[in-house]
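S.K.: heads up, no residue letters with this:
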(Lines give C-alpha, C1' and ligand atoms only; values in the text may rest on other atoms or scores of the structure.)
Protein backbone atom coordinates (compact mmCIF):
# COMPACT_ATOMS: atom_id res chain seq x y z
CA UNK A 1 0.00 0.00 0.00
CA UNK A 2 1.60 3.22 -1.20
CA UNK A 3 -1.16 5.66 -0.18
CA UNK A 4 -3.02 5.75 3.12
CA UNK A 5 -5.88 8.14 3.88
CA UNK A 6 -6.96 8.01 7.52
CA UNK A 7 -8.26 11.58 7.72
CA UNK A 8 -11.22 12.49 9.92
CA UNK A 9 -10.27 10.01 12.64
CA UNK A 10 -9.90 11.05 16.26
CA UNK A 11 -6.36 9.76 16.67
CA UNK A 12 -5.17 12.31 19.20
CA UNK A 13 -1.95 11.59 21.11
CA UNK A 14 -2.58 7.83 21.48
CA UNK A 15 -3.01 7.42 17.74
CA UNK A 16 0.08 9.53 17.12
CA UNK A 17 2.15 7.07 19.17
CA UNK A 18 1.10 4.27 16.81
CA UNK A 19 1.76 6.46 13.76
CA UNK A 20 5.21 7.28 15.11
CA UNK A 21 6.05 3.59 15.38
CA UNK A 22 4.66 2.86 11.91
CA UNK A 23 6.65 5.68 10.31
CA UNK A 24 9.87 4.51 11.95
CA UNK A 25 9.59 1.21 10.09
CA UNK A 26 7.89 2.43 6.90
CA UNK A 27 9.40 1.00 3.72
CA UNK A 28 6.63 1.33 1.12
CA UNK A 29 4.17 4.10 2.08
CA UNK A 30 4.60 7.14 -0.14
CA UNK A 31 1.65 9.30 0.89
CA UNK A 32 0.04 9.70 4.32
CA UNK A 33 -3.12 11.73 4.92
CA UNK A 34 -3.93 12.42 8.58
CA UNK A 35 -5.96 15.61 8.10
CA UNK A 36 -8.60 16.36 10.75
CA UNK A 37 -7.43 13.73 13.20
CA UNK A 38 -7.37 15.83 16.37
CA UNK A 39 -3.59 15.86 16.35
CA UNK A 40 -2.25 18.31 18.93
CA UNK A 41 1.21 19.85 19.12
CA UNK A 42 2.37 16.88 21.21
CA UNK A 43 0.93 14.46 18.65
CA UNK A 44 2.69 16.26 15.80
CA UNK A 45 6.01 16.05 17.64
CA UNK A 46 5.48 12.30 18.10
CA UNK A 47 4.83 11.85 14.38
CA UNK A 48 7.96 13.89 13.75
CA UNK A 49 9.99 11.42 15.81
CA UNK A 50 8.91 8.69 13.40
CA UNK A 51 9.94 10.79 10.42
CA UNK A 52 13.29 11.61 12.01
CA UNK A 53 14.55 8.03 12.31
CA UNK A 54 13.12 6.39 9.18
CA UNK A 55 16.06 5.29 7.03
CA UNK A 56 14.16 4.58 3.81
CA UNK A 57 13.33 7.00 1.02
CA UNK A 58 9.70 5.97 0.69
CA UNK A 59 7.49 8.75 2.10
CA UNK A 60 6.99 11.60 -0.37
CA UNK A 61 3.81 13.33 0.82
CA UNK A 62 2.36 13.97 4.27
CA UNK A 63 -0.95 15.78 4.72
CA UNK A 64 -1.39 16.79 8.33
CA UNK A 65 -3.40 20.02 8.12
CA UNK A 66 -6.72 20.91 9.76
CA UNK A 67 -5.39 19.68 13.11
CA UNK A 68 -5.04 21.65 16.39
CA UNK A 69 -1.26 21.26 16.26
CA UNK A 70 -0.53 24.99 16.09
CA UNK A 71 2.66 26.47 14.73
CA UNK A 72 4.72 24.56 17.31
CA UNK A 73 3.52 21.27 15.84
CA UNK A 74 4.51 22.36 12.33
CA UNK A 75 7.88 23.40 13.73
CA UNK A 76 8.30 19.95 15.28
CA UNK A 77 7.66 18.25 11.94
CA UNK A 78 10.23 20.47 10.21
CA UNK A 79 12.79 19.90 12.96
CA UNK A 80 12.35 16.14 12.48
CA UNK A 81 12.93 16.46 8.73
CA UNK A 82 16.19 18.31 9.37
CA UNK A 83 17.39 15.49 11.63
CA UNK A 84 16.92 12.89 8.88
CA UNK A 85 19.40 13.10 6.00
CA UNK A 86 17.49 10.32 4.23
CA UNK A 87 14.23 12.29 4.10
CA UNK A 88 12.91 12.78 0.55
CA UNK A 89 9.58 14.47 1.29
CA UNK A 90 8.23 16.39 -1.67
CA UNK A 91 5.09 17.86 -0.13
CA UNK A 92 3.87 18.81 3.35
CA UNK A 93 0.32 20.05 3.83
CA UNK A 94 -0.38 22.07 6.99
CA UNK A 95 -3.69 23.39 5.65
CA UNK A 96 -5.62 25.70 8.02
CA UNK A 97 -2.82 25.71 10.59
CA UNK A 98 -1.54 29.21 11.36
CA UNK A 99 2.23 29.51 11.59
CA UNK A 100 4.62 32.07 13.05
CA UNK A 101 8.05 33.50 12.28
CA UNK A 102 9.85 30.68 14.10
CA UNK A 103 8.25 28.22 11.71
CA UNK A 104 9.20 30.37 8.73
CA UNK A 105 12.82 30.35 9.85
CA UNK A 106 13.05 26.58 10.27
CA UNK A 107 11.24 25.94 6.99
CA UNK A 108 13.94 27.97 5.24
CA UNK A 109 16.40 25.39 6.53
CA UNK A 110 14.17 22.58 5.26
CA UNK A 111 14.17 24.23 1.83
CA UNK A 112 17.96 24.25 1.86
CA UNK A 113 17.96 20.50 2.57
CA UNK A 114 15.06 19.73 0.19
CA UNK A 115 14.99 22.53 -2.44
CA UNK A 116 12.01 21.10 -4.35
CA UNK A 117 9.73 20.52 -1.38
CA UNK A 118 6.27 22.10 -1.51
CA UNK A 119 4.47 23.28 1.59
CA UNK A 120 1.04 24.70 2.35
CA UNK A 121 -0.18 26.25 5.59
CA UNK A 122 -3.08 28.32 6.89
CA UNK A 123 -1.33 31.69 6.88
CA UNK A 124 0.62 33.70 9.40
CA UNK A 125 -0.52 34.15 12.98
CA UNK A 126 -1.67 37.74 13.60
CA UNK A 127 0.90 39.71 15.61
CA UNK A 128 0.12 39.82 19.31
CA UNK A 129 -1.10 43.16 20.53
CA UNK A 130 1.05 44.57 23.32
CA UNK A 131 -0.71 44.57 26.65
CA UNK A 132 -2.06 47.96 27.61
CA UNK A 133 0.09 49.50 30.32
CA UNK A 134 -1.67 50.40 33.55
CA UNK A 135 -0.53 53.69 35.05
CA UNK A 136 0.96 53.09 38.52
CA UNK A 137 -1.40 55.69 39.98
CA UNK A 138 -4.30 53.43 38.95
CA UNK A 139 -2.74 50.58 40.92
CA UNK A 140 -2.32 52.89 43.90
CA UNK A 141 -5.92 54.10 43.70
CA UNK A 142 -7.18 50.52 43.34
CA UNK A 143 -5.34 49.52 46.51
CA UNK A 144 -6.78 52.45 48.46
CA UNK A 145 -10.34 51.75 47.28
CA UNK A 146 -10.07 47.98 47.75
CA UNK A 147 -9.00 48.43 51.37
CA UNK A 148 -11.59 51.15 52.07
CA UNK A 149 -8.89 53.62 53.05
CA UNK A 150 -9.01 57.38 53.11
CA UNK A 151 -6.06 59.05 51.42
CA UNK A 152 -4.80 60.35 54.79
CA UNK A 153 -4.94 56.80 56.21
CA UNK A 154 -2.82 55.49 53.35
CA UNK A 155 -0.37 58.37 53.81
CA UNK A 156 -0.08 57.59 57.53
CA UNK A 157 0.78 53.96 56.77
CA UNK A 158 3.82 55.16 54.83
CA UNK A 159 4.73 58.04 57.16
CA UNK A 160 6.28 55.90 59.89
CA UNK A 161 7.85 58.78 61.83
CA UNK A 162 4.79 61.04 61.66
CA UNK A 163 6.74 63.86 60.02
CA UNK A 164 3.99 64.43 57.43
CA UNK A 165 6.67 63.91 54.78
CA UNK A 166 7.57 60.66 53.08
CA UNK A 167 11.06 60.14 51.71
CA UNK A 168 11.57 58.21 48.50
CA UNK A 169 12.89 55.24 50.50
CA UNK A 170 9.88 55.32 52.85
CA UNK A 171 7.54 55.49 49.87
CA UNK A 172 9.13 52.49 48.15
CA UNK A 173 9.33 50.48 51.39
CA UNK A 174 5.70 51.29 52.22
CA UNK A 175 4.49 50.11 48.83
CA UNK A 176 6.36 46.83 49.29
CA UNK A 177 5.06 46.28 52.83
CA UNK A 178 1.48 46.86 51.69
CA UNK A 179 1.81 44.42 48.79
CA UNK A 180 1.48 47.06 46.07
CA UNK A 181 3.55 45.50 43.31
CA UNK A 182 5.21 48.13 41.16
CA UNK A 183 8.34 47.97 39.06
CA UNK A 184 11.27 50.31 39.65
CA UNK A 185 10.19 52.30 36.59
CA UNK A 186 6.62 52.62 37.88
CA UNK A 187 7.81 53.79 41.29
CA UNK A 188 10.08 56.37 39.67
CA UNK A 189 7.17 57.63 37.55
CA UNK A 190 4.95 57.99 40.62
CA UNK A 191 7.63 59.81 42.58
CA UNK A 192 8.27 62.17 39.68
CA UNK A 193 4.57 63.01 39.40
CA UNK A 194 3.89 63.32 43.12
CA UNK A 195 6.98 65.26 44.22
CA UNK A 196 5.86 68.48 42.56
CA UNK A 197 8.48 70.72 44.23
CA UNK A 198 11.30 68.24 43.63
CA UNK A 199 12.63 68.36 47.19
CA UNK A 200 12.99 64.57 47.49
CA UNK A 201 10.03 64.17 49.84
CA UNK A 202 6.29 63.74 49.35
CA UNK A 203 3.99 65.56 51.75
CA UNK A 204 0.28 64.88 52.12
CA UNK A 205 -0.67 67.92 50.07
CA UNK A 206 1.38 66.63 47.12
CA UNK A 207 -0.18 63.16 47.39
CA UNK A 208 -3.70 64.62 47.52
CA UNK A 209 -3.04 66.97 44.60
CA UNK A 210 -1.46 64.21 42.49
CA UNK A 211 -4.38 61.90 43.23
CA UNK A 212 -6.97 64.56 42.34
CA UNK A 213 -5.22 65.67 39.14
CA UNK A 214 -4.84 62.12 37.89
CA UNK A 215 -8.50 61.36 38.60
CA UNK A 216 -9.54 64.50 36.72
CA UNK A 217 -7.39 63.50 33.72
CA UNK A 218 -8.89 60.02 33.55
CA UNK A 219 -12.43 61.39 34.00
CA UNK A 220 -11.86 63.80 31.10
CA UNK A 221 -10.57 61.00 28.88
CA UNK A 222 -13.57 58.82 29.73
CA UNK A 223 -15.93 61.71 28.95
CA UNK A 224 -14.31 62.23 25.54
CA UNK A 225 -14.45 58.51 24.74
CA UNK A 226 -18.11 58.31 25.76
CA UNK A 227 -19.01 61.34 23.64
CA UNK A 228 -17.27 59.84 20.59
CA UNK A 229 -19.35 56.66 20.68
CA UNK A 230 -21.98 56.46 17.91
CA UNK A 231 -25.48 57.13 19.16
CA UNK A 232 -28.27 54.68 18.36
CA UNK A 233 -30.58 55.71 15.56
CA UNK A 234 -34.07 56.78 16.57
CA UNK A 235 -37.17 56.63 14.43
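M.R.: Great, that's in hand. All figures in this text were calculated on a predicted structure; none of them were measured in a lab. Residues are numbered from 1 along each chain as shown.

S.K.: Domain parsing of this structure, as residue ranges.
M.R.: Domain assignment for the chain, taken from the TED database, gives 3-120, 136-228.

S.K.: Show me the one of those that comes nearest residue 129.
M.R.: Closest to residue 129 of the domains of the chain is domain 3-120 (CB to CB; 14.9 Å). Where C-beta positions appear, they are placed from N, C-alpha and C, glycine not excepted.

S.K.: how distant is the closest one from the center of its chain?
M.R.: 25 Å (CA atoms, centre = their mean, to the nearest Å).

S.K.: Regarding it, how distant is the last residue from the first?
M.R.: End-to-end span of domain 3-120 (CA to CA, to the nearest Å): 19 Å.

S.K.: centroid residue for the protein?
M.R.: The chain has residue 128 as the residue nearest its centroid, 7.0 Å off, counting by CA atoms, centre = their mean.

S.K.: per-residue confidence for that one?
M.R.: At residue 128, the pLDDT value in this model is 71.

S.K.: low-scoring pLDDT stretches of the protein, where are they?
M.R.: Applying pLDDT under 70 to the chain flags residues 130-132, 219-235.

S.K.: quick one: the strands in it?
M.R.: For the chain, applying DSSP state E gives strands covering 3-5, 31-33, 61-63, 91-94, 118-121, 165-167, 201-203.

S.K.: got TSV for those strands, with distance to residue 75 too?
M.R.: Output for the strands of the chain, formatted as TSV (distance: least, CB to CB, whole Å):
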stretch	distance to residue 75
strand 3-5	24
strand 31-33	19
strand 61-63	15
strand 91-94	10
strand 118-121	11
strand 165-167	52
strand 201-203	51
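
S.K.: Redo those strands as JSON lines? Include mean neighbour count and distance to residue 71.
M.R.: Listed next are these as JSON lines, based on neighbours: other CB atoms under 10 Å; distance: least, CB to CB, whole Å:
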{"stretch": "strand 3-5", "mean neighbour count": "12", "distance to residue 71": "25"}
{"stretch": "strand 31-33", "mean neighbour count": "19", "distance to residue 71": "21"}
{"stretch": "strand 61-63", "mean neighbour count": "19", "distance to residue 71": "17"}
{"stretch": "strand 91-94", "mean neighbour count": "20", "distance to residue 71": "9"}
{"stretch": "strand 118-121", "mean neighbour count": "15", "distance to residue 71": "9"}
{"stretch": "strand 165-167", "mean neighbour count": "19", "distance to residue 71": "49"}
{"stretch": "strand 201-203", "mean neighbour count": "20", "distance to residue 71": "48"}
